[in-house]
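J.: attaching a predicted model along with its sequence, questions to come.
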Number of protein chains: 2
Amino acid sequence: MKRLPDLSQLDGLAVVLVRARNPLNIGAAARAMSNFGVHRLRLVNPYAPGFREARSAVGASDLLQSAEEYKSVAEAVADSALVVGTTAVRERALELPVHRLDEPAGAAIRQQLQTQSVALLFGSEKTGLTNKDFTHCHWLLNIPTSRQNISMNLGQAVAVCLYELARSTPLEPPAEDVKPATAGELEKIIQGLMESLRISGYVKPGTDAVFEKKARSLILRFKLQEYDAKLLLGMVRQIVWKLHQGAKRE
Amino acid sequence: MKRLPDLSQLDGLAVVLVRARNPLNIGAAARAMSNFGVHRLRLVNPYAPGFREARSAVGASDLLQSAEEYKSVAEAVADSALVVGTTAVRERALELPVHRLDEPAGAAIRQQLQTQSVALLFGSEKTGLTNKDFTHCHWLLNIPTSRQNISMNLGQAVAVCLYELARSTPLEPPAEDVKPATAGELEKIIQGLMESLRISGYVKPGTDAVFEKKARSLILRFKLQEYDAKLLLGMVRQIVWKLHQGAKRE
């Protein structure tokens, strides 16, 4: 089977959590970063004492320990060439365009990351990013959700965004490396099945031809691989043998 | 700017959490479902008393209240035509192919959902799905992650999968106008086949579990349509009946 390439490199990406309140969410964001190969976590005024010990950061405690704290968004994004803010609403905010994550926006960020550093901002659980935060952004990113519930959990929003950024280019569907059964192998199964059906009385005398047609087209529709055909033939043969044993005694 | 269409309809999708331990994760899964327009939550043996009141289900408490509880995976997926298990590893498990979420696998599920019901299974936080759980699956789905940390949080994994399934336009409806068999119908065939194999001596006493796994994965690979499942079940039942007749006389 053809292998897809590994994840995109996201070394240049910084995840910036602005005024995050819940240590569990900060830990969950760190875990998602670790899952998708993102290592730079920045916190602007985290309202969450003790977040560095959050138990939700499974496999990402180092990342949490080395998170950088900033007093302002400006400082947190100072070294970034592209600053993107996340928002739960799809309408333009201020004069900023809003791009959906499932648009080429994700691909655009990936492309930028090949040459530049990018900061991706997430707001607090209660209020999201403010208009003031938005003034630091080049554009905004929206995760498309149901209109009935647009408010995502912070850790889940981070996970979804990073999955989209890390995913590799979609390729051709993988060709499965399977060897189909030959017609000869299938025929043995069909004959065994027919014999079982005759002995068991499913096929009444004189109706063989009709049922053989049914049985054959059924077995063909299974699209059996070689391995499965051998397995099935073994089963059918044993059942036929046993049915014969029973029939002899009648 | 060109508007993208809204989310894909995921009405036919059931999210099945198998042995989930943490009420917060169950709530988070419900929240993600609500975010992406999925409404059918099923729990198999949840190890989490009080999960229905989980505060993490922001905007999804109705969904959590109406979640269905089951004693086994078989019951939870009985009405589903396609059963997909999630796994953190990319290698084949048993005889099941593993497809990556960023492959056309996501699109394939979306397409199935236009005409059939699909169950998406997630295992417990500690151990994921077991090999026994896998025997109920047609194939497995893997979220591509960094090799350094393949273990995702349950709620985040649900969010990422549902984002991928809900994103973008539905594809063309499947060309063939066929109705696949449900997992419940297949289960009856599997049980009938197992009985035949036991009576005929193909399955030796004490090796039931191994052979049931083999038989189940074999039958799932047939990708039976409803009509064929009925036909095959009728055959198997008649053979079982006859085998019993013979066995009685021994």
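T.: That came in fine, so what should we check first? Numbering: from 1, shown residues only, chains lettered A, B, ... in the order given.
J.: pLDDT score assigned to residue A:83?
T.: On pLDDT, residue A:83 comes in at 88.
J.: count of neighbours near it?
T.: Residue A:83: 23 surrounding residues under other CB atoms under 10 Å in any protein chain shown. Yep, even glycine has a C-beta here, placed from its N, CA and C like the rest.
J.: check the one 4 residues further on too.
T.: The burial metric for residue A:87, expressed as a neighbour count using other CB under 10 Å, is 23.
J.: could you measure it against residue A:130, distance?
T.: 11 Å (CB to CB, to the nearest Å).
J.: give me the domain ranges for chain A.
T.: For chain A, automatic domain parsing gives the domain ranges A:13-166, A:183-248.
J.: leaving out the residues flanking it, which one is nearest to residue A:102?
T.: residue B:167 (4.0 Å; CB to CB, 6 or more residues apart in numbering or on different chains).
J.: now swap in residue A:40 and tell me
T.: Closest to residue A:40 by CB to CB, 6+ apart is residue A:14, at 4.1 Å.
J.: wait, a helix at residue A:165?
T.: Yes - when classified by DSSP: H, G, I helix; E, B strand; the rest coil, residue A:165 is found to be part of a helix.
J.: what is the neighbour count of the residue of chain A found nearest chain B?
T.: The minimum distance from chain A to chain B, using CB to the nearest CB, falls at residue A:246 (1.8 Å). By the criterion of other CB under 10 Å, residue A:246 has 21 neighbours.
J.: how about the closest residue to it other than its chain neighbours, what does it touch?
T.: Closest residue in space to residue A:246, ignoring its immediate chain neighbours: residue B:246 at 1.8 Å, by CB to CB, 6+ apart. Contact partners of residue B:246, counting by CB atoms under 8 Å, 6 or more residues apart in numbering or on different chains, are A:242, A:243, A:245, A:246, A:247, A:249.
J.: in whichever strand or helix holds residue B:246, what counts as buried?
T.: Using DSSP states H and E, residue B:246 sits within helix B:226-248. By neighbour count on 16 or more other CB atoms under 10 Å in any protein chain shown, the buried set for helix B:226-248 is B:228-229, B:231-233, B:235-240, B:242-243, B:245-246.
J.: ok, so of those residues, who is nearest residue B:162?
T.: residue B:229 (29.1 Å; CB to CB).
J.: for burial, what's the neighbour tally of the residue lying closest to the closest one once chain neighbours are set aside?
T.: Leaving aside its chain neighbours, residue B:229 sits nearest to residue B:181 (3.5 Å; criterion: CB to CB, 6+ apart). Residues near residue B:181, counting by other CB under 10 Å, number 23.
J.: with residue A:81 instead?
T.: Residue A:81: 14 neighbours (other CB under 10 Å).
J.: hey, where'd the strands end up in chain A?
T.: A:13-18, A:40-44, A:68-70, A:82-87, A:98-100, A:118-122, A:139-142 (DSSP state E).
J.: those strands: lowest mean pLDDT?
T.: Among the strands of chain A, strand A:98-100 carries the lowest mean pLDDT, a mean of 87.
J.: just list what it packs against, helices and strands only.
T.: On a contact count with 3 or more CB pairs under 8 Å, 6 or more residues apart in numbering or on different chains; DSSP states H and E, strand A:98-100 meets strand A:139-142.
J.: neighbouring strands for the strand it packs on, and are they parallel or not?
T.: Using DSSP bridges, strand A:139-142 pairs in its sheet with strand A:82-87 (parallel), strand A:98-100 (parallel).
J.: out of those strands, which one sits most buried?
T.: strand A:82-87 (a mean of 24; mean count of other CB atoms under 10 Å in any protein chain shown).
J.: tell me the centre residue of chain A?
T.: Among the residues of chain A, the one closest to the centroid is residue A:163, at 7.6 Å (CA atoms, centre = their mean).
J.: in chain A, which helix or strand is least confident?
T.: helix A:106-113 (a mean of 79; mean pLDDT, DSSP states H and E).
J.: buried ones in it?
T.: A:106, A:108, A:109, A:110, A:112, A:113.
J.: show me what contacts the residue nearest to the centre of chain A?
T.: Residue A:163 makes contact with A:36, B:101, B:143, B:160, B:163, B:164 under the criterion CB under 8 Å, 6+ apart.
J.: tally of neighbours for the last one?
T.: Read that as residue B:164. 24.
J.: please report the distance of the residue nearest to the centre of chain A from residue A:62.
T.: 21 Å.
J.: next one: residue A:155
T.: From residue A:155 to residue A:62 the distance is 18 Å (CB to CB).
J.: between those two, tell me which one has more neighbours.
T.: More crowded of residue A:155 and residue A:62, by other CB under 10 Å: residue A:155, with 28 against 12.
J.: re the thing from before, of all the buried residues of helix A:106-113, which comes closest to residue A:224?
T.: Checking these one by one against residue A:224 (CB to CB), the nearest turns out to be residue A:106, at 40.6 Å.
J.: circling back to that earlier point, just the C-alpha atoms of the helix holding residue B:246, please, in PDB.
T.: Presented in PDB, the C-alpha positions along helix B:226-248 are these (Å, rounded to 0.1, in the frame of the first residue of the first chain):
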ATOM      1  CA  GLU B 226     -29.400  -6.500   2.600                       C
ATOM      2  CA  TYR B 227     -30.800  -8.800   0.000                       C
ATOM      3  CA  ASP B 228     -27.700 -11.100   0.000                       C
ATOM      4  CA  ALA B 229     -27.600 -11.100   3.800                       C
ATOM      5  CA  LYS B 230     -31.200 -12.400   3.900                       C
ATOM      6  CA  LEU B 231     -30.400 -15.000   1.300                       C
ATOM      7  CA  LEU B 232     -27.200 -16.200   3.100                       C
ATOM      8  CA  LEU B 233     -29.000 -16.200   6.500                       C
ATOM      9  CA  GLY B 234     -31.700 -18.400   5.100                       C
ATOM     10  CA  MET B 235     -29.100 -20.900   3.800                       C
ATOM     11  CA  VAL B 236     -27.100 -20.900   7.000                       C
ATOM     12  CA  ARG B 237     -30.200 -21.400   9.200                       C
ATOM     13  CA  GLN B 238     -31.300 -24.400   7.100                       C
ATOM     14  CA  ILE B 239     -27.800 -25.900   7.300                       C
ATOM     15  CA  VAL B 240     -27.700 -25.400  11.100                       C
ATOM     16  CA  TRP B 241     -31.100 -27.100  11.400                       C
ATOM     17  CA  LYS B 242     -30.000 -30.100   9.400                       C
ATOM     18  CA  LEU B 243     -26.700 -30.400  11.300                       C
ATOM     19  CA  HIS B 244     -28.700 -30.400  14.600                       C
ATOM     20  CA  GLN B 245     -30.900 -33.200  13.100                       C
ATOM     21  CA  GLY B 246     -27.800 -35.300  12.400                       C
ATOM     22  CA  ALA B 247     -26.200 -34.500  15.700                       C
ATOM     23  CA  LYS B 248     -29.300 -35.600  17.700                       C
END
